[in-house]
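S.K.: 3D, please:
(2 chains)
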Amino acid sequence: MRSARILLTGSVVLSMLAAIGCRKEEEAPPPEEKVEKVEAKKPEPPPAPKVPGVSDTEIVIGTTSPQTGPAALWGSVARGTACYFDMINEAGGINGRKLKLEIRDDGYQPARTVAATKELVEQVGVFAMTGGIGTATGLAVKDYLAEKKVPWVGQGTGSTKMTDPMAHNLFAMFPTYNDEAHLLVKYITENLKKKKIAFFYQNDDYGKEALEGARKALEAKKLKLAAEVSVEVTDTDLASHVMKLKKAKPQVVILWLMPKHAAITMGTAAKLKFKPQWITGSTLSDAAFMHKITKGAWEGVHFDSFFELPDSEHPLIAKYKAAYDKFALKRNDKELWSTFFIAGFLFAEPLVEAIKNAGPELTREKVIAELEKLDKWGGGLHSAVTFGKDNRRGVRSVYLAKCEKGKAVKTSGYITFGE
Amino acid sequence: MLGQLVVSGIAIGCCYAMIALAMVIVYKASEVLNFAQGELAMVSTFVAYSLMLSLGLPFPLAAASALLFAFALGAVCEFAFLRQADEPTLLGLIVITLGMEMMLYGAAGWIWGADTKSFPSPISDTSVYEISGIIISDQDLTYLATALLLAGLLFLFFRYTRVGVAMRATSQNESAAKLMGIRTQWINTFTWGLSSVIGALAGILMAPRTMLDPNMMMDPLLKGFAAAVLGGMTSLPGAALGGCLLGVIENLVAGYISTEFKSVVAFVVIVIVLCVRPAGLLGQEEIKKV
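M.R.: Residues are numbered from 1 along each chain as shown, chains lettered A, B, ... in the order given. This is a model prediction of the structure:
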């Protein structure tokens, strides 16, 4: 019995080694040929510097994404970007090159984002990065990508720390949480005419920046938050958190959480007979989806967003929906046509536009220069993307909406921050 | 708020208690800490979900089938991985359970997808009763009832059935049990199966609340483990008591100190118990005579 077991284990290990060994042989360079000539050769000119991730036929773009883990609901963003690239490739690519998206799962854990990003830049050799989800995850790789001068567009976070201090390579496609929370508080106090507001936030930079925005907005009106309750990413039982919120008897509760926690909060609140007006930022703006997983408890939630809704009549939405019908379900047969999926298109749109404008002689610096030229660009899902020599924040306006009969319905036009 | 925190704490504590019971049963039989407990439960819960969604089975039938599946899964894991280990050390066995945990987690994500789903359940999400200001939901009552029923059934099982007595004998003294004609290897397999069923029951009950995804049992597993340590790894009533206590302590800390420390409570409890009274509240000190 024992020798049989050793034999089995040994053969499994040997076959694994053989498989790895065979791969290595393919990659080993061929043996050098004997040099017959004796005369000295003229020194050859140095080869032209190769642009990483760009070949004659394709451009490789990387993204990290929570494909697994507690934030997996945001994983559809990366799959949206993949669908976008499929759509572009079907139409011939950009200047004769196809786009290749390399997705790496980081499970919403910053340590894994660092490892995945390094792999993409150093081993896969990507030309640029797009998307990425999270504040902590984004901040973890900000300095690294700046050092490596990799153009990076559209990390899914509204943290001010992404653009302040400004990094030459990093272009943000998200309104700041500070601004969003500020605007929501303004909306609550001036339009909904409610003053008792509680804030339920994730206990990291993501939630805390929004909290700051809300606090400042209320201070300006000489008011304070009725309660500030935090939750950790790993928590699963939110009964005590919701009880604390309920104790403060707020009229409105602002949520700044992962979709999973928002869904659990709805269920827990229903069980505690706690029914405030719920308000969220754009990170939970996928009303139809949230309505589905909360079994309808999401009805009546107000939120803000900054790009077209899934059933908008914008021509691009129709175009992207056709791409979804064609490509997305092949990748993942359970993919939903949802706000999070569409966000994957939005975050990559400026990068695609810049690559197009940079022409066939593609370099990273050219793409960054083209991105800086975008001024009130309405060619994508957001109506006015603006960057500049000293501006890396492309989105500065949002609109308000609410969940009505299970769908997202706009309740305002675009509001620009600072107005 | 105090009363509400305590009542909700007991309710979720019953779930922790069920997981703790599952872990204690395995520990008593073989001194192995089963870190795959959570994932065994999670996979079985996913099976129930699939049965309800794809085959349209009604909840009781789907749940019962999932529990049978859980038994088979636990038994197969023990047979295929633990039993095959050749003269393993205790630590080696625990590492094997960690490996099983990772495999099951990966398999679940691969088969069912990583995104969160809502779990259909006949227990109403919104039906609640209010007694002198404290709100108790149908779900809370179900947790309490199930935990009590389970405790009662296990008590009867271990005292009055042949298999139960055989399990107790095996855990007390394996060689003596063998000499008495008990097939201890199969008893171990059965133990794992039973433990997996209890875990799966906890998973199916918790899923409507924690939502269904491959991560759903990671946090409850740690809490269940802490509850088992608190109550005594060798005591079944201890596990149940530990679970309820932990649920209440957690809620009180979150409610009165800060929600930031809620997750830390379980670990602090483990450290304190192991320092002050390693056998747990109801466990028995192990005295080895030399």
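
S.K.: Contact residues of the stretch 51-200 of chain B facing chain A?
M.R.: Residues of the stretch 51-200 of chain B lying close to chain A by Cβ under 8 Å from any Cβ of the partner chain are B:84, B:86, B:109, B:113-118, B:125-126, B:128, B:130, B:135, B:137, B:139-140. To be clear about C-beta, it is placed using only N, CA and C from the backbone, and glycine gets the same treatment.

S.K.: Contact partners for A:Gly378?
M.R.: With contact taken as Cβ atoms under 8 Å, 6 or more residues apart in numbering or on different chains, A:Gly378 is in contact with A:Ala384, A:Val385.

S.K.: Check the residues of the stretch 51-200 of chain B next to chain A for burial and list the buried ones.
M.R.: Neighbour-count burial (16 or more other Cβ atoms under 10 Å in any protein chain shown) applied to those gives B:109, B:113-118, B:125, B:128, B:135, B:137, B:139-140.

S.K.: need those residues in JSON lines with secondary structure, can you?
M.R.: Putting these into JSON lines (DSSP: H, G, I helix; E, B strand; the rest coil) gives the following:
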{"residue": "B:Gly109", "secondary structure": "helix"}
{"residue": "B:Gly113", "secondary structure": "coil"}
{"residue": "B:Ala114", "secondary structure": "coil"}
{"residue": "B:Asp115", "secondary structure": "coil"}
{"residue": "B:Thr116", "secondary structure": "coil"}
{"residue": "B:Lys117", "secondary structure": "strand"}
{"residue": "B:Ser118", "secondary structure": "coil"}
{"residue": "B:Asp125", "secondary structure": "coil"}
{"residue": "B:Val128", "secondary structure": "strand"}
{"residue": "B:Ile135", "secondary structure": "strand"}
{"residue": "B:Ser137", "secondary structure": "strand"}
{"residue": "B:Gln139", "secondary structure": "helix"}
{"residue": "B:Asp140", "secondary structure": "helix"}
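
S.K.: Among those residues, find the lowest-pLDDT one for me.
M.R.: Least confident by pLDDT among these: that is B:Asp125, with 71.

S.K.: what does the domain assignment say about chain A?
M.R.: The record's domain parsing of chain A by automatic domain parsing lists A:58-174+A:310-388, A:177-305+A:402-416.

S.K.: Tell me who's in contact with B:Asp213.
M.R.: The contact partners of B:Asp213, by Cβ under 8 Å, 6+ apart, come to A:Pro70, A:Ala72, A:Lys260, B:Ala114, B:Asp115, B:Thr116, B:Lys117.

S.K.: again, but for B:Val32
M.R.: B:Val26, B:Leu82, B:Leu90, B:Leu93, B:Ile94, B:Thr97.

S.K.: Can you tell me which of those has the most neighbours?
M.R.: B:Val26 (26 neighbours; other Cβ atoms under 10 Å in any protein chain shown).

S.K.: my read: that residue touches B:Ser195, true?
M.R.: Yes. Between B:Val26 and B:Ser195 there is a contact under Cβ atoms under 8 Å: 4.7 Å.

S.K.: Common neighbours of the two, please.
M.R.: B:Asn34, B:Gln37.

S.K.: OK, now which residue of the stretch 101-250 of chain A is nearest to chain B?
M.R.: A:Ser240 (3.6 Å; Cβ to the nearest Cβ).

S.K.: how many other residues sit next to the spatially closest residue to that residue that is not a sequence neighbour?
M.R.: Spatial nearest neighbour of A:Ser240, excluding adjacent residues (Cβ to Cβ, 6 or more residues apart in numbering or on different chains): B:Ala254 at 3.6 Å. By other Cβ under 10 Å, 27 other residues sit near B:Ala254.

S.K.: quick revisit: mind giving me CSV with the contacts of B:Val32 and columns for distance to A:Arg364 and secondary structure?
M.R.: Shown next, in CSV, are the contacts of B:Val32 (distance: Cβ to Cβ, whole Å; DSSP: H, G, I helix; E, B strand; the rest coil):
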residue, distance to A:Arg364, secondary structure
B:Val26, 56, helix
B:Leu82, 53, helix
B:Leu90, 55, helix
B:Leu93, 52, helix
B:Ile94, 49, helix
B:Thr97, 48, helix
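
S.K.: now for those residues, which pair is the farthest apart?
M.R.: Spanning the widest gap among the contacts of B:Val32 are B:Val26 and B:Leu90, at 12.5 Å by Cβ to Cβ.

S.K.: circling back: which one of the contacts of B:Asp213 is nearest to B:Ser65?
M.R.: B:Lys117 (18.6 Å).

S.K.: Quick check: bridge partners of the closest one?
M.R.: Beta-bridge partners recorded for B:Lys117 (DSSP bridges): B:Leu212.

S.K.: Same question for B:Glu130.
M.R.: B:Ile135.

S.K.: now A:Lys407
M.R.: Beta-bridge pairing of A:Lys407 under DSSP bridges involves A:Glu404.

S.K.: Look up the pLDDT of the residue of the stretch 151-290 of chain B found nearest chain A for me, please.
M.R.: Nearest to chain A in the stretch 151-290 of chain B, going by Cβ to the nearest Cβ, is B:Ala254, at a distance of 3.6 Å. B:Ala254 carries a pLDDT value of 91.

S.K.: Next: the one 5 residues further on.
M.R.: At B:Thr259, the pLDDT value in this model is 86.

S.K.: Over to B:Thr184?
M.R.: Confidence at B:Thr184, expressed as pLDDT, is 86.

S.K.: Tell me who's in contact with the nearest residue to A:Gly413 once chain neighbours are set aside.
M.R.: Nearest in space to A:Gly413, with sequence neighbours left out and distances taken as Cβ to Cβ, 6+ apart, is A:Tyr399 at 6.0 Å. Contacts for A:Tyr399 (Cβ under 8 Å, 6+ apart) come out as A:Asp304, A:Ser305, A:Phe306, A:Lys410, A:Thr411, A:Ser412, A:Gly413, A:Tyr414, A:Ile415.

S.K.: Buried among those? Need that as a selection in ChimeraX.
M.R.: Buried residues among the contacts of A:Tyr399 (16+ other Cβ under 10 Å), as a ChimeraX selection:
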select /A:304,305,306,415
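
S.K.: so of the contacts of A:Tyr399, which ones are in strands?
M.R.: Counting by DSSP state E, the contacts of A:Tyr399 place A:Asp304, A:Ser305, A:Lys410, A:Ile415 in strands.

S.K.: so how far is chain B from the nearest residue in space to the first one that is not next to it in sequence?
M.R.: Nearest-residue entry for A:Asp304: A:Val398, 4.4 Å, with adjacent residues in sequence omitted and distances by Cβ to Cβ, 6+ apart. With distances taken as Cβ to the nearest Cβ, to the nearest Å, A:Val398 is found 26 Å from chain B.

S.K.: A:Val398 pairs with what?
M.R.: Applying DSSP bridges, one finds that A:Val398 bridges with A:Ile415.

S.K.: what's the distance between A:Ala354 and chain B?
M.R.: 31 Å.

S.K.: host element of that residue?
M.R.: In this assignment (DSSP states H and E), A:Ala354 forms part of helix A:339-358.

S.K.: mind checking how far that helix is from the chain centre?
M.R.: With Cα atoms, centre = their mean, to the nearest Å as the basis, helix A:339-358 stands 11 Å off its chain's centre.

S.K.: buried residues in the following helix or strand past it?
M.R.: Downstream of helix A:339-358, the first helix or strand assigned by DSSP H and E is helix A:364-373. Neighbour counts over helix A:364-373 (16+ other Cβ under 10 Å) mark A:Arg364, A:Lys366, A:Val367, A:Ile368, A:Glu370, A:Leu371, A:Glu372 as buried.

S.K.: could you dump helix A:364-373 to PDB, C-alpha only?
M.R.: The C-alpha coordinates for helix A:364-373 follow below in PDB (Å, rounded to 0.1, in the frame of the first residue of the first chain):
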ATOM      1  CA  ARG A 364       2.900  55.900 -23.800                       C
ATOM      2  CA  GLU A 365       3.800  59.600 -23.700                       C
ATOM      3  CA  LYS A 366       1.700  60.200 -26.800                       C
ATOM      4  CA  VAL A 367      -1.300  58.600 -25.200                       C
ATOM      5  CA  ILE A 368      -0.900  60.700 -22.100                       C
ATOM      6  CA  ALA A 369      -0.600  63.800 -24.200                       C
ATOM      7  CA  GLU A 370      -3.800  62.900 -26.100                       C
ATOM      8  CA  LEU A 371      -5.600  62.300 -22.800                       C
ATOM      9  CA  GLU A 372      -4.600  65.700 -21.600                       C
ATOM     10  CA  LYS A 373      -6.200  67.200 -24.700                       C
END
